[in-house]
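Colleague: generate coordinates for the sequence data below:
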Amino acid sequence: MAGFREPFLRVLREGLEWLGLSLPEAALEAMARHAEMVRAWNERINLTTVVAPEAMAARHFVDSLTVLLALREPGWPPRPTEWPARRLADVGSGAGFPGLVLKVAWPALAVALIESVGKKARFLEGVVSALDLKGVAVLPQRAEAVGQDPGHRERYDGAIARAVAALPVLLEYLLPLVRLGGVAVAMKGPEVDEELAAARGALDRLGGALRERRELAWPPHLPPRTLLIIEKIAPTPATYPRRPGIPEKRPLRS
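Modeller: Residues are numbered from 1 along each chain as shown. The predicted structure follows:
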């Protein structure tokens, strides 16, 4: 895939410069390998409609890397390879966006990739094996079940999701996984005011509070993105998350 890798890496490097981050060449090559596997597997299972190299680099990989801006703490250097160990859950990981991309960029990160679709979970396992990644667990389960598992409940420094569900539903997936003082990061488009208003009740019940709303845009490569950074300020009641499927059918209201 020589014709794929060169434009992919060019846009990926440009995206890192836009983000003010730097990565070693080995990490960029690993991301290119991940992208090639997405294209190859996409012929058998539906992973993405974005397959052109420049578009995939921007809309999947650089977009995933924007989460580093939400997780970076004051004083940390611009090289995520030098950041300290943390635990992260990626809900609805799909083809590994953003969880696997963040793991490659931040090797000390321990990542749980939560993906209930069996074929996608097997793809994730294939990428983890091909890239020889350590500290990655692929969980082929519903987020509601993982959130009630004592081995995962309130065990993570951060939980993230990208284009999975409306915010009130998403918070019920994410916040039960996050420890007190940790954060949930919801990756959304530019229009989030209505979702935030609808999520007030969910925030109150689940122990979260909006810490920051970060607006990003990288024209023409990436459409406007909003990162909602939710701090876990109180324990999540034991009744949440509810049974699989219930959060989506009956979202928490004010």
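Colleague: make it CA atoms for all contacts and neighbour counts henceforth
Modeller: Will do.
Colleague: secondary structure element for residue 88, which one?
Modeller: strand 86-91 (DSSP states H and E).
Colleague: buried sites along that strand?
Modeller: 87, 88, 89, 90, 91 (16 or more other C-alpha atoms under 10 Å).
Colleague: thought the fourth one was touching residue 157?
Modeller: Right, the one you point to is residue 90. No: applying C-alpha atoms under 8 Å, one finds residue 90 not in contact with residue 157, separated by 11.5 Å.
Colleague: export the helix or strand following the strand holding residue 88 as PDB, just CAs?
Modeller: Using DSSP H and E, the helix or strand that directly follows strand 86-91 along the chain is helix 99-105. The C-alpha atoms that make up helix 99-105 are tabulated as PDB, following Å, rounded to 0.1, in the frame of the first residue of the first chain:
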ATOM      1  CA  GLY A  99      -8.600   4.200  22.000                       C
ATOM      2  CA  LEU A 100      -6.000   2.300  19.900                       C
ATOM      3  CA  VAL A 101      -4.700   5.600  18.400                       C
ATOM      4  CA  LEU A 102      -4.300   7.000  21.900                       C
ATOM      5  CA  LYS A 103      -2.500   3.900  23.100                       C
ATOM      6  CA  VAL A 104       0.100   4.100  20.300                       C
ATOM      7  CA  ALA A 105       0.700   7.800  21.000                       C
END
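Colleague: helix or strand next in line after helix 99-105, which one?
Modeller: That would be, after helix 99-105 and using DSSP H and E, strand 109-114.
Colleague: for the record, mean pLDDT for that next one?
Modeller: Strand 109-114 carries an average pLDDT of 98.
Colleague: residue 30 against residue 102, yeah?
Modeller: No: taking contacts as C-alpha under 8 Å, residue 30 lies outside contact range of residue 102: 11.6 Å.
Colleague: good, wrapping up.
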